[in-house]
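Peer 1: Model the structure of this input:
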Amino acid sequence: MPAWPGGPCPTCNEEMPANLIRCVNCRTLLNEELELESVEIPPFKPLKEIDSCVDAKPRGYYVGCPHCRKRLRINAQYLGKRLNCKKCSKTFTLTLSDPKIKNLGFYLDCPSCEERLKVAQKYAGQMVKCKFCSSMLQFID
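Peer 2: Numbering: from 1, shown residues only. Prediction:
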C-alpha cells in the first residue's frame, strides 16, 4: 500500500504534507486503499505523572555577623553592600563567599502558596517540597 504522496485533501481541498493517514482539517482517510478497520488504534496507557518543579530564589539570607557571630536576617538586595550589624554596630560587606561570614540559610516566599519559608543552607540547590502546599521547589541562587 503506497504512502500518501502529499497534495490537496480529496474532501476539503486543504494542502496536506506527505505520509499522513488522515486530513488534519476534516479527518478524512487520505489513502483510498485504507479502510477504517485497517488503521489500528493502540490501547490507551496513561503515562506516569511527572512532578513539576518551580525555581525559587532566596528573598534574603540568615548570616552570622563576622564580628559578634550573632544571627542576622538580611534581604538579598543588600548582597555586596556595606552593612551595620544590629547587634554590635560594626560594619561589614555582605558577600556569601567571604569565609568570615557564616551563611546559615535563607528565606523566601513559596511561588505557589506565597507562604514564607525558612531554609537551612544544606538545602540550597536541592529539590524539596513546600511544607505548606507540598509543591516541588528547587532553590536557586
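Peer 1: Centroid-nearest residue for the protein?
Peer 2: Val54 (3.5 Å; Cα atoms, centre = their mean).
Peer 1: Next SSE downstream of the helix or strand where that residue lies?
Peer 2: Assessed by DSSP states H and E, Val54 sits inside strand 53-56. Following strand 53-56 in sequence order, the next helix or strand is strand 60-64 (DSSP H and E).
Peer 1: any weak-confidence spans in this structure?
Peer 2: Residue ranges of the chain with pLDDT under 70: 1-2, 35-39, 51.
Peer 1: any idea how far Arg27 is from the closest residue to Lys131 other than its chain neighbours?
Peer 2: Once flanking residues are discounted, Lys131 sits nearest to Leu117: 7.2 Å by Cβ to Cβ, 6 or more residues apart in numbering. In short, each C-beta sits where N, CA and C put it, glycine included. Per Cβ to Cβ, to the nearest Å, Leu117 is found 49 Å from Arg27.
Peer 1: between those two, which one's more packed in?
Peer 2: Leu117 (20 against 11; other Cβ atoms under 10 Å).
Peer 1: Can you pull the phi/psi pair for that one?
Peer 2: Dihedral pair for Leu117: phi -120, psi 130, per degrees, to the nearest 10.
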